[in-house]
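S.K.: Dropping the sequence and predicted coords here.
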Amino acid sequence: MAQTLNLSKSDIREDFVPKDGFISPEFARLERDRLWPRVWQIACREEELPEVGSFVTYEIAGESIVIVRTAPDEIKSFYNVCQHRGRILMEQQSGRTKFMFCRYHGWRWSLDGTLQKITDEHNWEGCASFDKADLALKETLIGTWGGFVFINMDADAEPLQDFLHPVPAFLDPFEFHTWRYRWYKSVVLPCNWKTALEGFNEAYHVAATHPQLLDEGGDDMTAARTYGRHGMYYYLPEARPLGAPSRRTGREVPADTREGLVNFYRVMDQTLNALFTQRAVDSVERILTEVPAGSDPVDVMMAAQRFHREAAESDGSGWPPLTVEQQIAAGTNWHIFPNHVFLQMADGSIAYRARPHGDNPNECIFDVWSLARFAPGEEPPLNREFYPDWTDETEQHFGKILMQDFGNFRYVQKGMHSRGFSGSRTNPVQEAEIPNMHRALYEYLFDE
């Protein structure tokens, strides 16, 4: 297959990524065979498994994996398939069970994967190769970091911490393990999984796609850094602060940025409702009455964060022990190879996960999570929303900003099929995460 596609890592440049990976059914088959069975990937979060017997099923490239809490301090993952005739065992996306049961012939497994019951087991008497121990559910590797539960189907895979290096060093101070789901939404998009994911691991698109953010969102120009398979982007030190207009508008920084900052939080809340918690939106209002007019924009931002922290601590949600230096070093947005992107905040995050939808390279399942800190016991109940057919009418579910992004993806996917397009001409400064991701991807697919 690799010879048929005739691709190699050398085909990728800082300013070029071939289009084959987005539209080729053969490329999608290679991903199914050589990528997804060999990489660490996020299946769920630990809070989705609160009690012994809690389970989540994770679907990826034709495989179904069940992740189950087998003991108060233990989580395991198994191929979600009956060892008798191959029926899927756990049909629901999540739930709680005392055992894993096949509805076809009644075979049953304990939570730790051992075979408990075979209907009419005596019928196998005399079969020398029949061993109940061999019929235990087949396990995958499992690991956790920051409250995320990762699985890997490759028994010889490198340890999760090695795979993630050096990301935890930058992000552990944010205390991801304290986050909980604010909301969870999934949608089938008419584009390749990489087309969707790449829309969120760069901010180069903001000026054209989200022009409503330029008036008070500060400068939108970023720079990217890569770390092995992973990458991040950050705003330049000389960037204008939130509350000021982008330089692209041609307008000067106003003498008073307080109203602009408050308006930016309001707009983000109304059109995304994910990145800033309601606590953040409410607390930033204090700068209008408690910070003098004409204060330095940096002082305004620092006061806003102080008010935000006070609100989080007063309602019991807490605040991570972040230094200013750690916040700067962590940047704004991270891509965790292969298919996870998030924008981290001290108070929470918006996170994305992209997966292929069957064998169709022109569709993907896209998960969007709003995560936030909550006081213990104050987390909202988890409600997984699923939209099987994205249309222009789904803005009520995802908000204006995400709809602007989704609206691009279908036309990007259509345009990539054109004979007049050979590949993405990526911005080597602002979009460096994209060719970096494809280089790592090509290593799995084409390096022997």
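M.R.: Everything's here; your move. Numbers count the residues shown, from 1 in each chain.
S.K.: Find me the pLDDT at the closest residue to residue 422 other than its chain neighbours, would you?
M.R.: Once flanking residues are discounted, residue 422 sits nearest to residue 19: 6.3 Å by CB to CB, 6 or more residues apart in numbering. From N, CA and C alone the C-beta is placed, and that goes for glycine too. Confidence at residue 19, expressed as pLDDT, is 97.
S.K.: cool, and residue 2?
M.R.: Per the predicted model, pLDDT is 42 at residue 2.
S.K.: swap in residue 125?
M.R.: So, for residue 125, pLDDT stands at 93.
S.K.: and what of residue 245?
M.R.: 97.
S.K.: which residues sit in contact with it?
M.R.: Going by CB atoms under 8 Å, 6 or more residues apart in numbering, residue 245 touches 214, 215, 216, 218, 251, 253, 254, 260.
S.K.: Show me what counts as buried in the biggest helix by length in the chain.
M.R.: Secondary structure of the chain per DSSP state H: the longest helix is helix 395-416. Neighbour counts over helix 395-416 (16 or more other CB atoms under 10 Å) mark 395, 398-399, 401-406, 408-410, 412-413, 416 as buried.
S.K.: Nearest residue to residue 76 in space, please, no chain neighbours.
M.R.: Residue 76 sits nearest to residue 70 (CB to CB, 6+ apart), 5.1 Å away.
S.K.: circling back: give me the distance between the residue nearest to residue 422 and residue 11.
M.R.: 11 Å (CB to CB, to the nearest Å).
S.K.: swap in residue 339?
M.R.: 21 Å.
S.K.: picking up where we left off before, residue 77 versus the residue nearest to residue 76, what's the distance?
M.R.: 10 Å.
S.K.: repeat for residue 225
M.R.: Distance from residue 225 to residue 77, by CB to CB: 32 Å.
S.K.: Looking at these two, which has the bigger crowd around it?
M.R.: residue 77 (26 against 13; other CB atoms under 10 Å).
S.K.: a strand runs through that one, doesn't it?
M.R.: Yes: Residue 77: assigned to a strand according to DSSP: H, G, I helix; E, B strand; the rest coil.
S.K.: Quick check: beta-bridge partners of it?
M.R.: Residue 77 has these beta-bridge partners by DSSP bridges: residue 67.
S.K.: and the gap between residue 120 and residue 128?
M.R.: From residue 120 to residue 128 the distance is 19 Å (CB to CB).
S.K.: So for those two, which residue has more residues nearby?
M.R.: Neighbour comparison, residue 120 and residue 128: the larger count goes to residue 120, with 8 against 5 (by other CB under 10 Å).
S.K.: State the distance from that one to residue 86.
M.R.: 19 Å.
S.K.: Residue 228 now?
M.R.: Residue 228 is 37 Å from residue 86, by CB to CB.
S.K.: With neighbour numbers in mind, choose between the two.
M.R.: Under the criterion of other CB under 10 Å, the comparison of residue 228 against residue 86 puts residue 228 first, with 14 against 9.
S.K.: from memory the more buried one sits against residue 162, does it?
M.R.: No: counting by CB atoms under 8 Å, residue 228 does not reach residue 162; the two are 9.9 Å apart.
S.K.: Any idea how many residues pack against residue 238?
M.R.: Neighbour tally, residue 238, other CB under 10 Å: 7.
S.K.: helix, strand or coil for it?
M.R.: Per three-state DSSP, residue 238 ends up coil.
S.K.: do the one 3 residues further on as well
M.R.: Applying three-state DSSP to residue 241 yields a three-state assignment of coil.
S.K.: hang on, the earlier thing: and the residue nearest to residue 76, that's in a strand?
M.R.: Yes: secondary structure of residue 70 (three-state DSSP): part of a strand.
S.K.: OK, contacts around it?
M.R.: Residue 70 touches 52, 76, 111, 112, counting by CB under 8 Å, 6+ apart.
S.K.: Surely the second one is in contact with residue 143?
M.R.: No: counting by CB under 8 Å, no contact exists between residue 76 and residue 143, whose distance comes to 11.5 Å.
S.K.: so where do the helices sit in the chain?
M.R.: Under DSSP H, the chain gives helices at 2-5, 20-23, 25-30, 160-164, 167-171, 193-198, 206-209, 258-271, 278-283, 287-290, 297-314, 324-330, 395-416, 433-446.
S.K.: Just the CA coordinates for stretch 118-131, please, in CSV.
M.R.: What follows is stretch 118-131, C-alpha atoms only, in CSV (Å, rounded to 0.1, in the frame of the first residue of the first chain):
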residue,chain,number,x,y,z
ILE,A,118,-20.3,-20.7,29.5
THR,A,119,-23.8,-21.9,28.7
ASP,A,120,-23.7,-25.7,28.5
GLU,A,121,-20.0,-25.8,29.2
HIS,A,122,-20.0,-29.6,29.4
ASN,A,123,-20.5,-29.7,25.6
TRP,A,124,-16.8,-28.8,25.2
GLU,A,125,-15.6,-31.8,27.2
GLY,A,126,-12.9,-33.6,25.4
CYS,A,127,-11.8,-30.5,23.4
ALA,A,128,-8.1,-30.4,24.2
SER,A,129,-7.6,-26.9,23.1
PHE,A,130,-10.5,-25.4,25.0
ASP,A,131,-9.2,-23.5,28.0
